[in-house]
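Undergrad: With the sequence up front, the predicted model follows.
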Amino acid sequence: MGFVKGKLPLWLKLTNGSGAVAFGIKDLGFSFFLLPYYNLVLGVEAWLVGAALATALVIDAFVDPLIGHLTDRTYSRWGRRLPWLYIAPIPLAFMWTLLWSPPFTGVPTFWEIVALAVGVRLLLSACEVPSVSLVPELTDDYDERTTLFRFRFLSGWLGGMMMMVLAFTFFLPTPEAQLQPEGYAMFGLVGAVLMAVFVIGSAAGQHGVVAQLPAHRPPPFSIKGAFQEIFDAFREKAFLIFAAGGLAAYVGQGMNFSITLYVNNYIWRFDDLAFQLYPAVLAISVFAMFLLVGPLHKRFGKPHSAAGGAVVAMVFYFVPYALFLAGLWPETGTTASTTAVFATLVLANTASIVAIISATSMVAEIVEAFEERTGKRAEGTFYSGNWLVQKCATAGGILATSLIVQSLGIEQGTPQDQVAQGAVNQLAMIYMIAGSALALVAAFWLARFPITREQHETRIAAKEAAAGQAGTVDNPIDEAVRADPDGHSITP
């Protein structure tokens, strides 16, 4: 049972959510700026950047689940998650700074990019996995978990948007500045400070609620036993269905973000003002998601909200490209064109975030299904699996973008007006086809997620009844229960 019974206090929602700022900063950097920086600024071929990130992902595939498993097995008076959240942000900040100021001479090599990417990814996992794993520990309520994820996604997106505003206003304010390394170095330094501050601050804010000795001491650790438990968790039917749909949705989102600078420069021909307004447009969609996702989950449930969001996002993302290719779009670079792009982007991005947040929230219900089958709770293992799916998406999206860009011959430092119209049309066509296919695959699988609200609530009720009959509580270390000033029951 969760640490908190009933409605969660607002301060706890805000505190838990703020831990996602580091993820938002990382996601923005990897998705929007990493490929253009290493390709257009440092001169690394686009396909080589994509291959390096894919290689880093293979390494992560073996290590990330171990991180999740180890957080599940951490046994301290501060609980299972907090020790990770106090320690990991410091080396993460250091590695993030190095990613945007490579400590190498000349053009970075394949293995140098791999080393930096692996360092950032693993350390971010050591922050994000324990942070998000606190969600199903804090509450077992179906809707309150959605609320926590709303706040986490809002915080993550606001962190990313804050860095995007700083990038397009101060660090990389013009297309010319986006081809110089100095702005990217400042982007990395400021992002590193914010990552460390928000992760540590989130942990400290939740300390009084979650800092308690785990109910059971885990058995001795072994690599063989760890992977046996990980494979058992990942065989859960609900997780496999989520992974199939989530991977397609996250790859689509990763491609949408990583291709942004290319399409906005070469298809829509944004000027300086349009680039500066772009973060505000995305912010509108984030706040719209925050208002919509709760009612959608109550009306349709998480699986159908996720599938519907993927389909609606596909329509509004790619109709402008179809109209552009058909010659029915306003002349690009004009106010009419940019305004229309922004209007459809708000709708598309809102639906896309609804799909992503619904899919991520679904993972929380897998925890109890697995516990019912095995008697074990594995929040960290499942969210490391979710994190791995997201990393696959980011790397897959960037790799797809890098291959598209490489095939079209868009070279380092190419100005807006020097890309052939044929290449621009091909960029629009390939992006539209690939993105639509990914959205349909995501919708197909996410709609088939097998755990409904009713099944989850039945499972929780049975668990509470069994605990009541046994005369036990979740944490036998201290059976006292205190009420906060708002009347919420919080186990100390």
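TA: It's in.

Undergrad: List the contacts of residue 380.
TA: 67, 68, 69, 70, 71, 72, 80, 81, 129, 130, 133 (CB atoms under 8 Å, 6 or more residues apart in numbering). No exception for glycine: its C-beta is placed from N, CA and C like everyone else's.

Undergrad: out of these, which one sits closest to residue 160?
TA: Comparing the contacts of residue 380 against residue 160 with CB to CB places residue 129 closest, at 18.8 Å.

Undergrad: Report how many residues lie close to that closest one.
TA: 30 (other CB atoms under 10 Å).

Undergrad: same deal with residue 377?
TA: With other CB under 10 Å as criterion, residue 377 counts 21.

Undergrad: And the pLDDT at it?
TA: Residue 377 carries a pLDDT value of 79.

Undergrad: Please tell me how far it sits from residue 2.
TA: 11 Å (CB to CB, to the nearest Å).

Undergrad: now the contacts of residue 380 as CSV including distance to residue 172?
TA: Formatted as CSV, the contacts of residue 380 follow (distance: CB to CB, whole Å):
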residue, distance to residue 172
67, 32
68, 35
69, 39
70, 38
71, 36
72, 40
80, 40
81, 35
129, 30
130, 32
133, 34
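
Undergrad: Those residues: which two are farthest apart?
TA: 69 and 81 (13.2 Å).

Undergrad: who has more neighbours, the two?
TA: Each of residue 69 and residue 81 has its neighbours counted (other CB under 10 Å); residue 81 has more, 26 against 22.

Undergrad: Tell me who's in contact with the closest residue to that one other than its chain neighbours.
TA: Leaving aside its chain neighbours, residue 81 sits nearest to residue 130 (3.7 Å; criterion: CB to CB, 6 or more residues apart in numbering). Residues in contact with residue 130 (CB under 8 Å, 6+ apart) are 71, 80, 81, 82, 84, 85, 380.

Undergrad: Kindly report the same for residue 263.
TA: Here residue 263 is in contact with 427, 428, 431 (CB under 8 Å, 6+ apart).

Undergrad: if I look at the nearest residue to the first one once chain neighbours are set aside, how far off is residue 41?
TA: Pointing back at residue 427 there. Spatially, and ignoring its direct neighbours in sequence, residue 427 is nearest to residue 408 (5.8 Å; CB to CB, 6+ apart). Separation of residue 408 from residue 41 (CB to CB): 19 Å.

Undergrad: Repeat that for residue 194.
TA: 22 Å.

Undergrad: can you tell me which of the contacts of residue 380 are in helices?
TA: 67, 68, 69, 70, 71, 72, 129, 130, 133 (DSSP state H).

Undergrad: which of the residues you listed lies closest to residue 173?
TA: Nearest member of those to residue 173, counting by CB to CB, is residue 129, at 35.1 Å.

Undergrad: That closest one is in contact with residue 381, isn't it?
TA: No: using CB atoms under 8 Å, residue 129 is not in contact with residue 381, being 9.0 Å away.

Undergrad: Report the set of residues contacting both of the two.
TA: With CB under 8 Å, 6+ apart, residue 129 and residue 381 have common neighbours residue 68.

Undergrad: I figured residue 80 hits residue 214, correct?
TA: Yes: Residue 80 sits in contact with residue 214 when judged by CB under 8 Å, with a separation of 5.8 Å.

Undergrad: what's the overlap in contacts for the two?
TA: residue 74.

Undergrad: Tell me which of these two has more neighbours.
TA: residue 80 (25 against 18).

Undergrad: Can you report phi and psi for the more buried one?
TA: Phi and psi for residue 80, reported as degrees, to the nearest 10, are phi -90, psi -30.

Undergrad: Now for the residue nearest to it when sequence neighbours are not counted: which residues touch it?
TA: Using CB to CB, 6+ apart and skipping residues adjacent in sequence, the residue nearest residue 80 is residue 74, 4.5 Å away. Contacts for residue 74 (CB under 8 Å, 6+ apart) come out as 80, 81, 83, 84, 214.

Undergrad: What of residue 192?
TA: 92, 93, 94, 96, 97.

Undergrad: Going by neighbour count, which of the residues you listed comes out on top?
TA: Counting by other CB under 10 Å, top hit in the contacts of residue 192: residue 96 with 28 neighbours.

Undergrad: Going by contacts, tell me the helices and strands next to the helix or strand encompassing it.
TA: Taking DSSP states H and E as the definition, residue 96 sits inside helix 89-100. Counting contacts by 3 or more CB pairs under 8 Å, 6 or more residues apart in numbering; DSSP states H and E, helix 89-100 is packed against helix 21-28, helix 110-138, helix 181-210.

Undergrad: quick one, phi psi at residue 75?
TA: Torsion angles, degrees, to the nearest 10, at residue 75: phi -130, psi 100.

Undergrad: didn't it look like it was pressed against residue 219?
TA: No: shown here, residue 75 and residue 219 do not form a contact pair, counting by CB under 8 Å, at 10.6 Å.

Undergrad: So which of the two has more stuff around it?
TA: residue 75 (12 against 8).

Undergrad: can you pull the contacts of that one?
TA: 213, 214, 217, 218.

Undergrad: quick one: it from residue 218, how far?
TA: Taken as CB to CB, the span from residue 75 to residue 218 is 6 Å.

Undergrad: now do residue 314
TA: Here residue 314 is placed at a distance of 44 Å from residue 218 (CB to CB).

Undergrad: quick one: which of the two has more around it?
TA: Taking other CB under 10 Å, residue 314 and residue 218 do not tie; residue 314 has more neighbours (24 against 14).

Undergrad: Please give the centre-to-centre distance between the host helix or strand of the more buried one and its chain.
TA: Using DSSP H and E, residue 314 maps to helix 302-325. A distance of 19 Å separates the centroid of the chain from that of helix 302-325, by CA atoms, centre = their mean, to the nearest Å.

Undergrad: What's the first helix or strand after it?
TA: Next along from helix 302-325, by DSSP H and E: helix 335-374.

Undergrad: hang on, the earlier thing: give me the helices and strands touching the helix holding residue 314, please.
TA: Against helix 302-325 (3+ CB pairs under 8 Å, 6+ apart) you get helix 237-258, helix 272-300, helix 335-374, helix 421-446.

Undergrad: got the ones you listed as TSV, with mean pLDDT and mean neighbour count columns?
TA: Output for the helices and strands packed on helix 302-325, formatted as TSV (pLDDT from 0 to 100; neighbours: other CB atoms under 10 Å):
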stretch	mean pLDDT	mean neighbour count
helix 237-258	88	23
helix 272-300	88	17
helix 335-374	91	21
helix 421-446	93	19
